[in-house]
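S.K.: Sequence plus predicted model, see below.
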Amino acid sequence: MKKRLFKIGIIIFVIVMLFLGIKYLWLIIPGYYLCNNAEQTSIAVSEITDQNISFSYSIANIGNFYEGYKCEIKDGVMYIGVKTIFLLGKVPADGLTFHVPIDQKIKKIVLMGNGKEKVIYDDSTGQENDNSNFEIASFAPANEETSNFESSSYYSDINSTQEQPSMNYNKLGEYSKKVLESIPDNVVYLKGKNTVIYKQEFERIISEYKMWGYQESEARDLAEQYLKKRESAYYEATRQGFKATDQEVKNIIEQEKTNVEKSDNKQQVYDYLKGLNMSIDQYWNSQFEKIRKEIAIDKYFTKEKEKFSSNSDLEEWKTYKEDLYSKLIKQQNYKTVN
């Protein structure tokens with residue numbers, strides 16, 4: 001009887017120690033190695049005040065619970081690691097917002113974990129957030145493999161192989177304005193199983209592609225493909241629980257306003273806005289919901305990229321991503337609306 005009780009006691013002791021290790025060992029051991037893998041964690045800065053920094057944490061795995069964070073600040077740089085635990089954490093991690101108190105201005109935030117690190121906020125003028133040439137073509141699909149979403153990932157060169165004409169940005173703005181005025185914003189061009197693509201945005205994108213030197217047929221194909229990709233991916237992102245808060249969108253907009261003022265081609269941006277007959281605030285307000293979609297899509301693909309090791313070939317990931325886009329578009333089965 002005593003031996004049996006002793007064995008039970010040992011088992012209980014081991015279980016308790018395992019539980020305590022899972023819950024607290026990551027906090028006790030110096031550094032961030034036992035925190036969640038930084039490259040595989042979707043976390044964004046949602047608000048910065050003089051007293052706190054708020055983070056929005058997204059995770060697609062059902063059953064993961066947020067346990068906490070650990071951080072340190074050195075010379076204005078915050079190093080932070082987060083921890084989730086399957087079923088044993090404090091609160092569900094999906095969509096969680098948590099707050100970290102600060103007592104100094106933060107210039108950069110580096111997410112740490114599992115021997116990896118990732119810059120998720122940078123208020124400096126360093127290379128990682130190079131603002132020397134702000135891209136105006138907001139309709140264009142991003143160069144997703146090289147862009148940092150929080151640094152204009154939804155802006156990109158149209159096509160590095162396309163010969164670019166000398167651009168009249170004021171005229172580009174006028175083209176966009178003409179389309180906005182001539183087509184109601186509720187006219188549907190394509191309808192999918194769960195999504196719609198509106199004619200106004202479709203025609204505006206076509207006109208802007210044409211301004212960049214593309215022929216009519218090619219411009220239409222590129223515009224349609226871009227919108228199908230965006231809307232299909234956004235639906236899947238929201239279906240899996242990825243979303244963007246108003247504050248996340250506002251943070252992106254404020255960063256983009258800063259990027260404009262720091263850019264070498266600031267005058268071109270204002271020429272474009274003049275042709276569009278919009279102030280910079282009006283323009284960004286008009287982009288609010290589009291940016292919300294891009295943030296959610298970015299979170300979704302960040303999660304998908306976790307299926308690839310850090311040593312995976314970039315071309316392998318690009319092929320997988322294009323195949324995924326094709327699958328999502330096929331699921332929508334888009335039909336033209338007469």
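M.R.: Received, thanks.

S.K.: The nearest residue to residue 279 once chain neighbours are set aside: what's it in contact with?
M.R.: Nearest residue to residue 279, sequence neighbours excluded (Cβ to Cβ, 6 or more residues apart in numbering): residue 273, at 7.0 Å. In short, each C-beta sits where N, CA and C put it, glycine included. By Cβ atoms under 8 Å, 6 or more residues apart in numbering, the contact set of residue 273 is 173, 279-280, 283.

S.K.: So which of these sit within helices?
M.R.: Here DSSP state H is the test, and these give 173, 280, 283 as lying in helices.

S.K.: Quick check: PyMOL command selecting the buried ones in the residues you listed.
M.R.: Filtering the ones in helices among the contacts of residue 273 down to the buried ones (16 or more other Cβ atoms under 10 Å) takes a single PyMOL command:
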select buried, resi 173+283
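
S.K.: Check the burial of residue 33 by counting its neighbours.
M.R.: 13 (other Cβ atoms under 10 Å).

S.K.: The one 4 residues further on too?
M.R.: Taking other Cβ under 10 Å as the criterion, the count of residues near residue 37 is 16.

S.K.: ok, residue 328 - how many residues close by?
M.R.: Quick note: residue 328 (other Cβ under 10 Å) scores 20 neighbours.

S.K.: in what helix or strand does it lie?
M.R.: In this assignment (DSSP states H and E), residue 328 forms part of helix 314-332.

S.K.: List the contacts of that helix.
M.R.: Identification of contacts with helix 314-332 by Cβ under 8 Å, 6+ apart yields 144-145, 192-195, 228-229, 231-233, 235-236, 301, 304-305, 307-308.

S.K.: Buried ones from these, can you make that a PyMOL selection?
M.R.: In PyMOL, a selection of the buried entries from these looks like this (16+ other Cβ under 10 Å):
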select buried, resi 144+192+195+228+229+231+232+233+235+236+301+304+305
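
S.K.: how about low-confidence regions in the stretch 51-200 of the chain?
M.R.: 57-65, 86-96, 124-167 (pLDDT under 70).

S.K.: What ranges does it have for its strands?
M.R.: Taking DSSP state E, counting those that start in this stretch as the criterion, the stretch 51-200 of the chain carries its strands at 52-58, 64-74, 77-86, 91-92, 96-101, 108-113, 116-122, 188-191, 196-198.

S.K.: so which of those is the most packed in?
M.R.: The highest mean neighbour count among these, using mean count of other Cβ atoms under 10 Å, belongs to strand 108-113: a mean of 22.

S.K.: Partner strands of it, with direction?
M.R.: Strand 108-113 sits in its sheet next to strand 77-86 (parallel), strand 116-122 (antiparallel), going by DSSP bridges.

S.K.: closest one to residue 102 among those strands?
M.R.: strand 77-86 (7.5 Å; Cβ to Cβ).

S.K.: and the angle for the closest one with strand 64-74?
M.R.: 160 degrees (axes from the mean of the first three to the mean of the last three Cα atoms, to 10 degrees).

S.K.: Alpha carbons only: can I get strand 77-86 in PDB?
M.R.: Provided in PDB are the C-alpha atoms of strand 77-86 (Å, rounded to 0.1, in the frame of the first residue of the first chain):
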ATOM      1  CA  VAL A  77      14.800  49.700 -28.400                       C
ATOM      2  CA  MET A  78      12.300  47.300 -26.900                       C
ATOM      3  CA  TYR A  79      13.000  43.600 -27.100                       C
ATOM      4  CA  ILE A  80       9.900  41.600 -26.400                       C
ATOM      5  CA  GLY A  81       9.000  37.900 -26.400                       C
ATOM      6  CA  VAL A  82       5.500  36.400 -26.000                       C
ATOM      7  CA  LYS A  83       4.400  33.000 -24.900                       C
ATOM      8  CA  THR A  84       1.300  30.900 -25.700                       C
ATOM      9  CA  ILE A  85       0.600  27.500 -24.200                       C
ATOM     10  CA  PHE A  86      -1.800  24.900 -25.600                       C
END
